[in-house]
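**Q** pasting a predicted model and its sequence here:
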Amino acid sequence: TDDIATRKKFIDKELEVVGMLEKAGVPFLAGTDTPAGVHIFPGFSLHEELERFVAAGFTPLEALQTATLNPAQFFGMAGQLGAIEEGKLADMVLLSANPMEDIGNTEKIAGVFVNGRYFSHSQIEKMLRGVEARARSRP
C-alpha cells in the first residue's frame with residue numbers, strides 16, 4: 001500500500017545496505033527468495049537481481065559470480081562447478097552481447113547448454129511459447 005516514492009526510498013536503502021555488506025567482504029549468492037505471487041519468476045528474475053547487484057556497487061563480474069563461482073564455493077564444490085573449465089560440470093548460457101559492458105546483456109540469450117544439450121534462441125522461444133499457451137489453457 002506504500003506509494004511509489006516510499007517504495008523507491010526502500011529500494012535505495014536496500015541497495016545501500018547491500019553495497020556496504022559487499023564492501024565489508026560479505027559473500028552473496030544470487031537466488032531471489034521472494035514468495036510466489038509477487039511477479040518474481042525463477043530464471044527471469046535473475047536478470048533483474050544481477051542488475052540490482054550492479055546498482056548496489058558490484059562490478060558486472062562480481063554480480064555474475066553471485067550466480068556462478070560463489071554458490072560453488074559456498075557448497076564446497078568449486079572443484080566441480082562454478083566455472084567453464086575442462087573436467088567441470090557446467091550448464092552455460094551463450095550471450096550475444098558482453099555482460100561485462102552492461103549487465104543487462106544477460107538477457108540477450110543466443111543459446112543455452114543444459115546437461116550437454118544445446119538449445120538455440122529459436123528453440124528456447126518455441127518452448128516458452130508452449131509454456132505460455134499451456135498456462136493460458138488452464139482454468
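**A** That came through fine.

**Q** residues near the residue nearest to residue 71 when sequence neighbours are not counted, how many?
**A** Leaving aside its sequence neighbours, residue 71 sits nearest to residue 29 (C-beta to C-beta, 6 or more residues apart in numbering; 5.2 Å). Using the backbone N, CA and C atoms, a C-beta is placed for each residue, glycine as well. Using other C-beta atoms under 10 Å, the number of residues around residue 29 comes to 13.

**Q** residue contacts, residue 29?
**A** Going by C-beta atoms under 8 Å, 6 or more residues apart in numbering, residue 29 touches 66-67, 70-71, 74.

**Q** mind redoing it with 7 Å?
**A** 66, 70-71, 74 (C-beta atoms under 7 Å, 6 or more residues apart in numbering).

**Q** which is the succeeding secondary structure element to the top helix by length along the chain?
**A** The helix spanning the most residues in the chain, taking DSSP state H as the definition, is helix 4-23. Counting by DSSP states H and E, the element after helix 4-23 in chain order, helix or strand, is helix 44-55.

**Q** dump that following helix to CSV, keeping only the CA atoms.
**A** Output of helix 44-55 as CSV, limited to C-alpha atoms (Å, rounded to 0.1, in the frame of the first residue of the first chain):
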residue,chain,number,x,y,z
PHE,A,44,13.7,-14.4,-15.4
SER,A,45,14.0,-12.6,-12.2
LEU,A,46,17.7,-13.5,-12.0
HIS,A,47,18.5,-10.8,-14.7
GLU,A,48,16.9,-8.1,-12.5
GLU,A,49,18.7,-9.4,-9.5
LEU,A,50,22.1,-9.1,-11.3
GLU,A,51,21.2,-5.6,-12.3
ARG,A,52,20.4,-4.7,-8.7
PHE,A,53,23.7,-6.1,-7.6
VAL,A,54,25.4,-3.7,-10.0
ALA,A,55,23.2,-0.9,-8.9
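
**Q** centre-most residue in the chain?
**A** Central residue of the chain (C-alpha atoms, centre = their mean): residue 46, 2.8 Å from the mean position.
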